[in-house]
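In: curious how this folds, go ahead:
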Amino acid sequence: MASNPTGHGPTGYDSTPIPRQPFGAAPTSKPTSKPKSVAKKRTAAWSRWLHVYLSMLSFLVVLFFSVTGITLNHADWFDGQQAETKRTGTLPAAWVNVPDTARIKKLEIVELLRSKYALRGAVSEFRMEDEQCAVSFKGPGYSADAFINRKDGTFELTELRQGLVAVLNDLHKGRDSGTGWSWVIDLSAGFLTLVSLSGLVMLFFLKNKRVRGLLVAVVGGALCYLAYALLVP
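Out: Residues are numbered from 1 along each chain as shown. Okay, the predicted model is just below:
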């Protein structure tokens, strides 16, 4: 059929005029995502990343503090692991037989005891009295005490090794383990705090489990409080 320029009658095709965009107008595009939704996705992704990798990084830390929490609560199970050793010896009397206690050779005494008897730990006390000096070494699960006669330099040394479990328990508590290990405990606590918080943040992005998860968290907190209120004298 021939076309009908007037737009009336059969023409063989749809003669409805196609709307045209005004010249110079910006092309239409899909609506961009809201800034809030972008921030939401980034927060969810970062919380998931933190939770996964911090959990793996602190896996052994969590295991260590979990196991030693049990051994600390039942320290009496491991009482038989203690080993006590007593020795006697003599050091130069001139190191201690001086009127002025400030002139006692503290460093030399400590180094002699360490090198001769392989003592461990840090010096926790060096006490000077009229008739004797007392030197104490402390470490995780370990102690050594030397009592030195100031007249002739003779001494008695008692060394106590409490076993591997006692070492782990003292590391858990940070007792006699030094400043460096104290930093390890602080960093471990920081990692575990971030793991817990990132897991909580992740929960808010799980629509199907958010309410139930929060309810379980509330119930867990309530149970902890009840255990404290009812079981702790």
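
In: from here on, contacts and neighbour counts on C-alpha atoms
Out: Noted.

In: closest to the centroid, which residue in this structure?
Out: With distances taken as C-alpha atoms, centre = their mean, the chain has residue 188 as the residue nearest its mean C-alpha position (1.0 Å).

In: any idea how far the helix or strand that residue falls within is from the chain center?
Out: Secondary-structure element containing residue 188, defined by DSSP states H and E: helix 178-204. Averaged C-alpha coordinates place helix 178-204 at 5 Å from its chain's average position (C-alpha atoms, centre = their mean, to the nearest Å).

In: state the mean pLDDT of that helix.
Out: Helix 178-204 comes out with an average pLDDT of 87.

In: now the element after that helix, going C-ward?
Out: Moving toward the C-terminus from helix 178-204, the first helix or strand encountered (DSSP H and E) is helix 210-231.

In: what's the angle from that following helix to helix 178-204?
Out: If you take axes from the mean of the first three to the mean of the last three C-alpha atoms, to 10 degrees, helix 210-231 sits at 130 degrees to helix 178-204.

In: okay, buried residues for helix 210-231 please.
Out: Along helix 210-231, no position meets the burial threshold by neighbour count (16 or more other C-alpha atoms under 10 Å).

In: what packs against that helix?
Out: Packed against helix 210-231 by the contact rule (3 or more C-alpha pairs under 8 Å, 6 or more residues apart in numbering; DSSP states H and E) you find helix 178-204.

In: how about the helix it packs on: buried residues?
Out: 182, 185, 188, 191-192, 194-195, 198-203.

In: could you do stretch 49-61 as well?
Out: Of the residues in stretch 49-61, those buried by neighbour count under the rule 16+ other C-alpha under 10 Å are 50, 51, 54, 55, 58, 61.

In: contacts for that stretch next, please.
Out: Stretch 49-61 is contacted by residues 188, 191, 192, 194, 195, 196, 198, 199 when judged by C-alpha atoms under 8 Å, 6 or more residues apart in numbering.

In: for that stretch, the averaged confidence score.
Out: For stretch 49-61, the mean per-residue pLDDT is 80.
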